[in-house]
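Student: Provide a 3D model corresponding to the input given below.
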Amino acid sequence: MAASFGIFVLAELPGEAGKIVRAIQQQYDRKLARLTPPHVTLVGSSGVGAIPTDTPVARIREALEPICATTAPMELPFGLPHRFMQTNIVSLPLDPHGPLRALHERIATSGLPFKPARFMFSPHCTLTFYPTLTPARERELLAIRVTAPARIEALQVYLTRDPQPSTLLFSLPLLG
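Tutor: Modelled structure (predicted):
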């Protein structure tokens, strides 16, 4: 996968699911665990590409504030882990329909500029990204079950310039 460069919108995962995912990441991908908190990417990797870095932060905040003010927090079940084709990326999928899709669509149609998306909207929480997986490690990861729901309570907006660490620009709670 190519390096990421742009402004991404994430929903960091608090609570039990976030703790479980963090523990899995620390066991299987320490670099990922060190670089980002457990999260679901809403803008930047699927559905719509990253927001260009020359977009004023005030414009992004202005577009996202009414969306967050009218979107209720949500709890969503994780699906079974899967490996992204021809990569070492293993993730926990979330249903791409329902309230998460509605939130994504509201952001996508907010008037903000986006780079082209490489993939259709496929919300997920990444368990491993960097290490090469042995067949045994892949089997272990694919056997994991996370029964605690993903809690989406806020949006975080990050400036990402891999390989440099991402920078949090701001966070907005879901208040609807």
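Student: SS state for residue 7?
Tutor: strand (DSSP: H, G, I helix; E, B strand; the rest coil).
Student: count of neighbours near it?
Tutor: 25 (other Cβ atoms under 10 Å). To be clear about C-beta, it is placed using only N, CA and C from the backbone, and glycine gets the same treatment.
Student: what sits opposite it in the beta ladder?
Tutor: residue 51, residue 159 (DSSP bridges).
Student: contact partners of stretch 114-124?
Tutor: 6, 40-43, 45-52, 91-96, 100-101, 104, 108 (Cβ atoms under 8 Å, 6 or more residues apart in numbering).
Student: do stretch 145-154 as well
Tutor: In contact with stretch 145-154 (Cβ under 8 Å, 6+ apart) are residues 11-18, 20-21, 24, 40, 68, 73-78, 80, 92, 94, 100, 103, 125, 171-174.
Student: so of the contacts of stretch 114-124, which ones are in helices?
Tutor: The helices, defined by DSSP state H, take in 100, 101, 104, 108 from the contacts of stretch 114-124.
Student: which of the contacts of stretch 145-154 are buried?
Tutor: 11-13, 17-18, 20-21, 24, 40, 68, 74, 76, 78, 92, 94, 100, 103, 125, 172, 174 (16 or more other Cβ atoms under 10 Å).
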